[in-house]
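A.B. asks: give me coordinates for this.
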Amino acid sequence: MVHIPLVNPSPLVSVIRLQGMIATGSNPGRLNDAGLAPLIEAAFRRGKPKAVALVINSPGGSPVQSALIAARIRRLADETKVPVHAFVEDVAASGGYWLATAGDVIHVDGNSIVGSIGVISAGFGLHEFINRYGVERRVYTSGKSKSQLDPFRPENPEDVTRLRGLQDQVHQNFITQVKSRRGAKLAEDDSLFTGEFWVGTRAVELGLADGLGHLVPVMQERFGKDVRFRSYGMRRPFLARFGLSLVNEAMSAAEERALYARYGM
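C.D. replies: Purely as a prediction, here's the structure:
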C-alpha cells in the first residue's frame with residue numbers, strides 16, 4: 001500500500017467587502033444585515049479560515065443596520081473563535097466606523113477618513129416657498145405629534161427638542177459601542193465623540209485604529225506568504241445588470257455621493 005502524505009493547505013483568510021451606504025432595501029451598493037447575512041455566515045464557516053478580514057469603505061448610514069451587521073460579525077467571531085481584522089480604505093465614518101469596531105484589530109491607510117461618531121438628521125423647510133406660490137397645505141391627523149417635522153409647515157421648537165432627544169439616545173448607543181470595543185485603547189480626548197473625523201494617522205494616535213496597514217501585506221506577515229484569500233461581496237440584483245432599474249440606481253448613487261461629499265470625497 002502506497003502511503004500518500006497529507007498535504008497541509010495554505011492558510012485561508014475570508015475577505016468581506018463592505019463598500020457603500022448602510023441602508024435598508026435592495027438597491028445596488030446598499031449595505032444591510034438582510035443582504036449581508038449569508039455572506040458573513042459563509043465567510044466564517046466555509047473552509048475553516050484563519051481570520052476574517054473586513055475591507056471597509058463606507059460613509060455610514062442607518063445606525064440600526066450598522067449595529068445589526070456589527071453584532072452578527074461579533075456573534076460569529078465568538079462562536080467560531082475566528083479573529084476579525086478590519087481594513088479601512090477611503091473612509092469608515094459614522095456607521096462605517098461602527099462596522100470597523102466589529103474588528104478585533106483595525107488597520108487604516110495613512111490617508112483614510114475615520115470617525116464621525118455622532119448622529120445627524122437633515123431636511124428642508126418649504127413652508128415659505130409654497131405660501132409664495134399660493135399652495136395650500138392640508139394635513140389631517142389623529143394624534144398631536146403625528147405631523148411633527150413636516151417640511152411644509154413652520155418649524156416647531158417642541159418637535160426639534162424631541163428629535164434631538166432621540167438623536168442623543170442613538171449617539172449614546174454609538175459611544176457605548178466604541179468604548180466597549182476599543183476600551184483602554186482610546187485616548188483621553190474631548191473631541192472623540194463630537195462627530196469630528198480624522199485621517200488615518202491621527203485616528204491611530206486617538207486609539208480609534210490600531211495601526212497603518214493594508215490587507216495583503218498584513219495578512220502575509222501574520223499567516224505567511226502562501227496565505228490564500230476568498231472574497232465575499234454584495235452582488236448587483238439580476239435586473240440591474242441589464243439596466244432595468246436605472247432610476248433607483250441613479251437615486252441611490254446620488255444619495256451615496258452626498259454622504260461621501262461630507263468627508264471631502
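
A.B. asks: the stretch 1-150 of the chain: helices as residue ranges?
C.D. replies: 33-45, 63-80, 95-100, 127-132 (DSSP state H, counting those that start in this stretch).

A.B. asks: output those helices as JSON lines; include the columns mean pLDDT and distance to Leu212.
C.D. replies: The C-beta positions use only the backbone N, C-alpha and C, and glycine is treated the same way. Putting the helices of the stretch 1-150 of the chain into JSON lines (pLDDT from 0 to 100; distance: least, C-beta to C-beta, whole Å) gives the following:
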{"stretch": "helix 33-45", "mean pLDDT": "96", "distance to Leu212": "24"}
{"stretch": "helix 63-80", "mean pLDDT": "97", "distance to Leu212": "22"}
{"stretch": "helix 95-100", "mean pLDDT": "97", "distance to Leu212": "14"}
{"stretch": "helix 127-132", "mean pLDDT": "71", "distance to Leu212": "49"}
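
A.B. asks: pLDDT below threshold where in the stretch 1-150 of the chain?
C.D. replies: Across the stretch 1-150 of the chain, residues meeting the criterion (pLDDT under 70) sit at 1-8, 28, 123, 127, 147, 149.

A.B. asks: Ala34: neighbouring residues, count only.
C.D. replies: For Ala34, the count of nearby residues is 12 (other C-beta atoms under 10 Å).

A.B. asks: what of Ser142?
C.D. replies: 5.

A.B. asks: all strands of this structure, in order?
C.D. replies: 12-19, 21-22, 30-31, 51-58, 84-93, 105-108, 113-115, 197-199, 211-212, 228-232 (DSSP state E).

A.B. asks: in the last one, what's buried?
C.D. replies: For strand 228-232, the neighbour count (16 or more other C-beta atoms under 10 Å) marks Tyr232 as buried.

A.B. asks: can I get it as PDB, trimmed to CA atoms?
C.D. replies: Output of strand 228-232 as PDB, limited to C-alpha atoms (Å, rounded to 0.1, in the frame of the first residue of the first chain):
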ATOM      1  CA  ARG A 228      -5.000  32.400   0.400                       C
ATOM      2  CA  PHE A 229      -7.900  34.900   0.200                       C
ATOM      3  CA  ARG A 230     -11.500  34.100  -0.500                       C
ATOM      4  CA  SER A 231     -13.700  37.200  -1.200                       C
ATOM      5  CA  TYR A 232     -17.300  37.700  -0.300                       C
END
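
A.B. asks: out of the strands of the chain, nearest to Asp168?
C.D. replies: Closest to Asp168 of the strands of the chain is strand 113-115 (C-beta to C-beta; 18.6 Å).

A.B. asks: any idea how far Ile22 is from Leu68?
C.D. replies: 10 Å (C-beta to C-beta, to the nearest Å).

A.B. asks: ok, the two, which is more surrounded?
C.D. replies: The residue with more neighbours, out of Leu68 and Ile22, is Ile22; 28 against 17, by other C-beta under 10 Å.

A.B. asks: just to revisit the earlier point, so which of the strands of the chain is nearest Ala77?
C.D. replies: strand 84-93 (5.0 Å).
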